[in-house]
Every structure is written in C-alpha cells, then in structure tokens.
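Peer 1: mind looking at a prediction? Sequence and model below.
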Amino acid sequence: MERRVAITGTRSIGDAPDDELAGAFEAYLRPFADSAAHFYVGGASGVDTAALQWLAKNTEAAVTVVVPCRIVDQPAGSANVIEALRDEGRLADVVEMGATLLGKAAYHARNRWMVDHAGIVIGFPRGDESGGGGTWYTLNYAAEQGKVRMIVPL
C-alpha cells in the first residue's frame, strides 16, 4: 500500500543552518520515505524546495511537486530545482494548478489539494509561530479532514 505524505513548511528558513534542516528531514521524513511512499511538496522557496531536494537525493520515494500556477511562476531558485529534477526523471509528477492570480487563495487551494491527496501531513513551521501562515492553514485543514499530522518546529 502506498503511503502518501504532504509536506508543508515555512518559507523563512534563511537563518536555519542546512545541517539543522537536513537533521530534521532525516529524523521526521526518513521514517516515511521508503519505496512505497509518495510525497507531495509545494514548489515554494524555503522548506518546500529544501525538502524536495533532500527527498530526491536521499530517498527513492516518489515525489510530486504541486504549484498554484505554473512552474515559471515560482521563485527562480525553486523553479530551477523543479525543472532539473524533472529533467533527471526524479519526479513522479508536476501538478500545475493553473491559478490566474497568485496569492493567498491560490496557495490555500494548492495546499488543500496536497492534503486531500495525502494520508499524513508533516509541517515544519518556524519556531513557535502559530495560526497565521500557510503552514498552519494547511495543518489546520488537515485536522479538519481527519488526517494525521506531525508538527516539527524549526
């Protein structure tokens, strides 16, 4: 049976050391990342792109990237990572949701799509921030849907 995992997390990891983030992924993604796993990751900067790169390099799990508009509408660094991994054949799929206006509604629709396709949601919020951002929106939506949630503050 395929294990389906959505990842959500802060975009503000600029001051988080790479080894701290890699350690968090090793501890909290690795147990779910066997060959029967399928991860859904947003295409934003921050945790999305870091988790995408870590999963592609360190696991054989299937990975689908979900973006609210198109890949070219993502931050340049994230778009480059997505395109490179797609060219390498490392992505199971890229879902471009085709929103015409990039904003909170488009991001929330993308996050709901990922939760709806997953059995567990792993969230990486910044510190003890609560309630205000997309990470908590996604975790709260997952709770409303009765999905398993794991919260890993960075």
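Peer 2: Done, it's in.
Peer 1: okay, CA-based contacts and neighbour counts for the rest of this
Peer 2: Noted.
Peer 1: so Gly43 makes contact with Cys69?
Peer 2: No. Look at Gly43 against Cys69 with CA atoms under 8 Å: they stay out of range, at 10.1 Å.
Peer 1: which one of these two is surrounded by more residues?
Peer 2: Gly43 (30 against 20; other CA atoms under 10 Å).
Peer 1: skipping adjacent residues, who's closest to the more buried one in space?
Peer 2: Val67 (5.4 Å; CA to CA, 6 or more residues apart in numbering).
Peer 1: so what's the residue count around the one you found?
Peer 2: Val67, neighbours per other CA under 10 Å, totals 26.
Peer 1: and it, what does it touch?
Peer 2: Contact analysis of Val67 by CA atoms under 8 Å, 6 or more residues apart in numbering lists 42-44, 74, 94-97, 110.
Peer 1: for Ala61, give its distance to Val121.
Peer 2: The spacing between Ala61 and Val121, counted by CA to CA, to the nearest Å, is 16 Å.
Peer 1: what does Thr64 give?
Peer 2: 14 Å.
Peer 1: pick out whichever of the two has more residues nearby.
Peer 2: Val121 (26 against 23).
Peer 1: please look at the more buried one and Leu139 and confirm they touch.
Peer 2: Yes. Counting by CA under 8 Å, Val121 touches Leu139, with 7.0 Å between them.
Peer 1: returning to what we had before: can you list the contacts of Val67 in CSV and add secondary structure?
Peer 2: Formatted as CSV, the contacts of Val67 follow (DSSP: H, G, I helix; E, B strand; the rest coil):
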residue, secondary structure
Gly42, strand
Gly43, coil
Ala44, coil
Gln74, coil
Val94, strand
Val95, strand
Glu96, strand
Met97, coil
Arg110, helix
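Peer 1: all set, thanks.
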